[in-house]
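Asks: Provided below for reference: sequence and predicted model.
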Amino acid sequence: MIAMPLLVALLIALAVAIAIFRVSRSRHHWRWLLVFGQLLAGVLLYVFLFPPRAVESGGTLTILTQGVTGEQLGSVGTSSEVIALPGIGNNVDDRIERAPDLATALRRHPQTSRLRIVGNGLPLRDRAAVRGIALEVDAAPLPDGIVDLALPERVQVGNRWRATGRIQTSPLANRVIELRDPADAVAASVRTDAQGRFSVEGVASASGLLRYSLSLRADAGNVLDSLPITVDARSGTPLHLLIVAAVPSPELKYLRRWATDAGLVVESRIGLTEGIALQDEKKPLIDAASLAASDLLIVDERSWAALDSPTRKLVGDEIKSGLGLLLRVTAPIGSEDLDPWAELDVTMKAVDPAPPSALRDDTRDDALALNHLPYILAKKLAPLVMARDGDVVVGWHAQGRGRIGVSTLADSYRYVLSGSPDRHGSLWASVTSTLARARGEAQPVLPMLARIGERAVICGLDGAGWQVEGPAAVQTALLLDESSDGCAAYWPSTAGVHRLSRSDALATTEPISASWPFDVLADGQATTLLAVQTQRATQDLATTSTSVAATADRMAKIPRVVWLLAWLAVMTLLWWVERRDYQISMN
């Protein structure tokens, strides 16, 4: 049976819609004013018939949640207005009432008008039960640990990835954050700054879901907090590089070696002497076919100057269609040689040579200092790689659907010679992935830190047939929410690796495109991070619910006759406007 307020609202909405349709098809001089008036009159009529009610001055219910301290328990007492939710342990007085969830507690105490939340806050299952009731939050003190964490959604195999976050301890500075790889070897170890922030890097050395662990250690070495993190490493579609150079060089040699080892398709044209060139096949230097098949064209300054105008125009047209271009500066360039670069909207200015400088992304104390050509790139070029001295050594800008980059790096190959090939690979992986032609399809958005028994939201799903397979090979079909942007909810019951897949893609021969793995944390893992997230969500809920309750209180203080007079005033104005328009049309 339909409730009376809803039935009246539907009838008023139908009447308003008919009136608006009639007015919008007429030739009234003020028909849009009449449309607005009809809407306003409908709202005022409903508010007069069913005026807002103030929050009744009922009792305050105290809700004990996970994380509540002994001091907080002592302050709430053992009255009948105190209820303990699951997960707070056995240290609660037996006389305190227990409830399986907040909705049950509110049904047992229907006169409740205000909630006092004590502890870490309301879990996800209980937040919908508040529904505008005023909240007061008495948050428990957070334990020492990692309170903020940001991870990449997925990375390319061979690339470096970064995890950033913040800790809460006393003191904040000089705590050690340790990242261990899937083999339990130390991949990175850094100290936090004065604000407790940290940034650690790892390398996605293999394809699949890589399990790392992040630990917070005190100066004495004891572990204060630890949590598992997972990185989804994918091979993806290999990029096609076309490298054109006037002469061989160590920089070029190790760039080609890295690209080949990383699985990229490399095609090169490297000059040896006048009239002699080293190239993969007997092909023109640059033609339409090679550009269309390439994702990134890498050219040094002498090879670019040697191209004729039609070829440079061909490259420019292909860039606008999506091709990436990297111009390598390997030697001082005369002003006349820079003129062809203006066609690509690339400008730079020569300066005095600067001493070698480590790259800004290399945060190691013994970071290798690299050389770069003494040029300042134009400010309109976005920085891609920067030196610690502030110089931009690789910059880029967009042109059409493609991107154009300029590099003044001279000896990045020294990373390999010094025993850090991962740094060399990460550098060039970042450059090529940023500038290369955009390829690939949209990927689903997976939950970052899913937990047992908590709702995990998966978005970016198109169409039906999606399912999740748990560690025990149990498949659960997903039901998409029609009101969302391709999102579905999933409640994992077991910890471990779960895989999102599509039923019509299970038989594909490409498993990377057929499934998307994500990890589910077990109970007791990342407890500090969970406490912080719960406290923030509850505090946001308290702010919203208090505002809604205060708005209802203010509206309820308006006498009912005021809404009636306002409705009569609007209806009188509408009658007068229509009558005056009718008289004008008759005359």
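Replies: Thanks, I have it.
Asks: hey, where'd the helices end up in the stretch 251-400 of the chain?
Replies: Taking DSSP state H, counting those that start in this stretch as the test, the helices found in the stretch 251-400 of the chain are 288-293, 301-306, 309-320, 335-342.
Asks: which residues of the protein fall in helices?
Replies: Using DSSP state H, the helices found in the chain span residues 4-24, 31-49, 70-76, 102-108, 250-261, 288-293, 301-306, 309-320, 335-342, 414-417, 421-435, 511-514, 527-556, 560-586.
Asks: Run a quick neighbour tally on the nearest residue to residue 362 once chain neighbours are set aside.
Replies: Spatial nearest neighbour of residue 362, excluding adjacent residues (C-beta to C-beta, 6 or more residues apart in numbering): residue 423 at 6.5 Å. For the C-beta atoms, the positions are set from N, CA and C on the backbone; glycine is no exception. Residue 423 has 23 neighbouring residues, counting by other C-beta atoms under 10 Å.
Asks: Same question for residue 364.
Replies: As a burial measure, residue 364 scores 12 neighbours (other C-beta under 10 Å).
Asks: For residue 537, see how far away it is.
Replies: Separation of residue 364 from residue 537 (C-beta to C-beta, to the nearest Å) stands at 37 Å.
Asks: got it, and residue 130?
Replies: Separation of residue 130 from residue 537 (C-beta to C-beta): 11 Å.
Asks: Same question for residue 309.
Replies: 61 Å.
Asks: okay, those two: which has more neighbours?
Replies: Neighbour count, other C-beta under 10 Å: between residue 309 and residue 537, residue 537 has more, with 15 against 9.
Asks: Please name the residues that touch residue 445.
Replies: Residue 445 makes contact with 153, 458, 459, 460 under the criterion C-beta atoms under 8 Å, 6 or more residues apart in numbering.
Asks: by contact count, what packs against the lengthiest strand in the chain?
Replies: With secondary structure taken from DSSP state E, the chain has its longest strand at strand 223-234. If you count contacts as 3 or more C-beta pairs under 8 Å, 6 or more residues apart in numbering; DSSP states H and E, strand 223-234 packs onto strand 145-150, strand 155-156, strand 160-168, strand 208-217, strand 515-521.
Asks: Can you tell me which of the ones you listed has the worst average pLDDT?
Replies: With a mean of 79, strand 155-156 has the lowest mean pLDDT of the helices and strands packed on strand 223-234.
Asks: picking that back up, which residues do residue 130 and residue 537 both contact?
Replies: In contact with both residue 130 and residue 537: residue 122, using C-beta under 8 Å, 6+ apart.
Asks: contacting residues around the spatially most central residue of the chain?
Replies: Central residue of the chain (C-alpha atoms, centre = their mean): residue 153, 7.8 Å from the mean position. Neighbouring residues of residue 153 by C-beta under 8 Å, 6+ apart: 232, 445, 446, 448.
Asks: Which two among those residues are spaced furthest apart?
Replies: Greatest spacing in the contacts of residue 153, by C-beta to C-beta: 232 and 445 (11.7 Å).
Asks: got a pLDDT number for the closest residue to residue 378 other than its chain neighbours?
Replies: Spatially, and ignoring its direct neighbours in sequence, residue 378 is nearest to residue 347 (4.5 Å; C-beta to C-beta, 6+ apart). With respect to pLDDT, residue 347 has a value of 82.
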